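# got a structure for you, letters missing:
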């Protein structure tokens, strides 16, 4: 199955959440662990869509590359995560997830980014998804929206 | 402040979540109450963005129009909510929120839609936001993406 | 099956919760979405009791009428929801849910009310519950308790 | 301040919740810890109401008497907790909390009961609430409702 | 099966959690109900380990002895619970759970302790676990670590 | 401040949780995101203890090295995380976190390990903690317990 380069929704997904009191650490900034948990959810969102119609039941997280937290986030911030499929292995799918914060005043800061690798699964075993791309990188102008 | 009709992100927002075991009712379908709670979050997302720079602290929910649940949703479904600003009052903002489900197989169904009215707040009082639109309805071709 | 008008517990139910930090919005008042989610739970409580013995497995939320939030609620408030069965259709049951807040000082305010329509379900299909009432409205003096 | 024996809502409160998947233990029955946590909430509900107007800020849990779990509860059960004020100390209030389950079919079983002792607090210190009763035990006919 | 007295991990377990905003009561101290719920989890942890290899599916909480809360705990405190198996019945296991708080400054206070009785279960019935000890009390020097 | 090598609790901490229904992904195995969130909590536990008495308010997560998930975990598993302080920078503390699962039958598997770097904070700025070790690696025999 070849993913049609014009169907942006097969290549990227947007996930977001708002920072609540229970997401804060000692310094009253957003817990790193909360960010990582939501990045995983953000990655699964684009992967599940890519896997529709392949016969896979879903996917599991296989690995996460290094994450550097560049800026903190605070109570009330709207955290947005953009997931993009970057590489396709036989049963794996590598996704880059970029995280930004949007303050209550509307200011936007980059927080972190990381590559997550997911493995397609069927009947609790890894599954060869058969996906290929014409073009791996979505074109610049397909990325501008800020949903 | 006039909202620029070309800035789609000021007029619409997308919110989503996945149906987990704790979101199910007796019939093993998604609880109506969970849908309504997430619709409120989806509406706040677009309203907070519209209010950036107006001096408002945020908004509160003032009313919700009738909601008819047309289809159920199930465990593992990805629920997507698109919020669009429809009408601007002096201190209120009316948002239409449309809810769809995306099954584990990728099938998409319409679940429901409703109009929510939010009131801009400053110092715990209602606040005249001063927002106006050139064009209230986003054009058709601005709505196609499925993030 | 005729619901005995003297069995108040078949006609009304009381549900309550306390406002916690995670239930607050920007203005430090109770999130509208939280109220709606709990109203759904409150409605299900009286409907499940009415359906005992009818053969139904439970019910799903079919629609919600307009809700106007008249007053905000705050951290520590005890929110009380009284659900009353108002109308019986073939497979549907309409419930009016009235919401009040009780402040930490004991002051009580009306927040909102709305009609929710639930549909009885059996084997994931709508189910004719066969319920009828002698008297739809509980008598005044059956409503005074504040549990 | 003398609590008027005719104001039942000052002497008893009803609290309830539905058993969800996350509340179950190994044996697919309701976790004892969940029951105890909700009993505490049920006790606070009647105590906060008794303390309205006394000058107390609220109360804290001082002790819990022995609890014997007589019956298990299961997924979908509606758990009802009735709290009754039994004894008044200088700054303490002793509450008996009785727990029953209501199955999806409507059957009702006794689960457990326990005495909780709460201490009234003001400015983070224990507070002499000054409450007295004419009659400690609510009369039988004040207890029949099952909200 | 005789539990080897040198295997400390069969006799004691450590459980901990950090106090979050949603765990606080009126007096901004840790809710008694939260403590009790976590004590139950702490008790199950040592009991499940003792039951490995006995054929039991797990255990349920049968009773809890009186609990006196000696000190409050506050936001950010690290609560530590040490569970020790004290007595073995035919199908029951009695556990003493001791709770301490560790403030953000590192100060440690005793909060409470209680005996919980669990019953081993198999196929949703009580199960004779066949466990015996050589020595019921772990020796002093086995308890010093503070994990 | 020199951390005394004989005080194991300053160098390692143990954190654990049980896998609940809401922690599962499509393949009915434990969500990678949940593991990462809990690893962060596990790391903070040992770091907060090391920082007691240094003047720091707490710490924030600065970076996470690559994580490879070697084995899945399942419903009912007890997940144990051992955090060990490995390296001390001027204001940073690097922690290695090792994750294992313990099945309902008592079998233990290695899931993953990763290095997390935390930065000590005071007044929302990074803080030079002044900590040094005599010996960075805890001796073998200090690690055997499985709390």
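Done, it's in. Computed from a predicted structure; not experimentally measured. Residues are numbered from 1 along each chain as shown, chains lettered A, B, ... in the order given.
# Return the distance of residue A:74 relative to residue A:46.
Distance, residue A:74 to residue A:46, using C-beta to C-beta, to the nearest Å: 27 Å. Yep, even glycine has a C-beta here, placed from its N, CA and C like the rest.
# and the end-to-end length of stretch A:49-59?
11 Å (C-alpha to C-alpha, to the nearest Å).
# Just after the longest strand along chain A, pick out the following helix or strand.
Ranked by number of residues, the top strand in chain A under DSSP state E is strand A:108-122. Going down the chain from strand A:108-122, the next helix or strand is strand A:125-126, by DSSP states H and E.
# Just checking, which helix or strand succeeds that next one along the chain?
That would be, after strand A:125-126 and using DSSP H and E, strand A:132-133.
# and that following strand, what other elements does it pack with?
Contact here means 3 or more C-beta pairs under 8 Å, 6 or more residues apart in numbering or on different chains; DSSP states H and E; on that basis strand A:132-133 packs against strand A:2-3, strand A:78-88.
# For these, could you give me CSV that also reports distance to residue A:27, mean neighbour count and mean pLDDT?
Shown next, in CSV, are those (distance: least, C-beta to C-beta, whole Å; neighbours: other C-beta atoms under 10 Å in any protein chain shown; pLDDT from 0 to 100):
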stretch, distance to residue A:27, mean neighbour count, mean pLDDT
strand A:2-3, 42, 14, 62
strand A:78-88, 17, 20, 96
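# Tell me which of the ones you listed sits nearest to chain D.
Across the helices and strands packed on strand A:132-133, chain D has its closest neighbour in strand A:78-88 (24.4 Å, C-beta to the nearest C-beta).
# Distance from the next helix or strand after that closest one to the middle of the chain?
Downstream of strand A:78-88, the next assigned helix or strand under DSSP H and E is strand A:92-102. In terms of C-alpha atoms, centre = their mean, to the nearest Å, the centre of strand A:92-102 is found 4 Å from the chain centre.
# pLDDT score assigned to residue A:27?
Note for residue A:27: predicted pLDDT of 79.
# Which strand or helix spans it?
Secondary structure (DSSP H and E) places residue A:27 outside all helices and strands.
# residues touching it, list them.
Neighbour list for residue A:27: A:72, F:57, F:58, F:59, F:60, F:121, F:124 [criterion: C-beta atoms under 8 Å, 6 or more residues apart in numbering or on different chains].
# rerun that using 6 Å as the cut-off
Applying C-beta atoms under 6 Å, 6 or more residues apart in numbering or on different chains to residue A:27 gives the contacts F:58, F:60, F:121, F:124.
# now the second one: how far from residue C:60?
Computed with C-beta to C-beta, the distance linking residue F:60 and residue C:60 is 44 Å.
# quick revisit: out of the helices and strands packed on strand A:132-133, which comes closest to chain C?
Across the helices and strands packed on strand A:132-133, closest to chain C is strand A:78-88 (C-beta to the nearest C-beta), at 11.4 Å.
# Spell out which parts of chain A neighbour chain F.
A:26-27, A:29, A:32-33, A:36-37, A:40-41, A:57-58, A:60-69, A:121, A:124 (C-beta under 6 Å from any C-beta of the partner chain).
# Just the buried ones from these?
A:26-27, A:29, A:32-33, A:36-37, A:40-41, A:57-58, A:60-64, A:67, A:69, A:121 (16 or more other C-beta atoms under 10 Å in any protein chain shown).
# Just the ones in helices from those residues, please.
Judged by DSSP state H, helices contain the following of these: A:32, A:33, A:36, A:37, A:40, A:41.
# Please consider this matter closed, and thank you.
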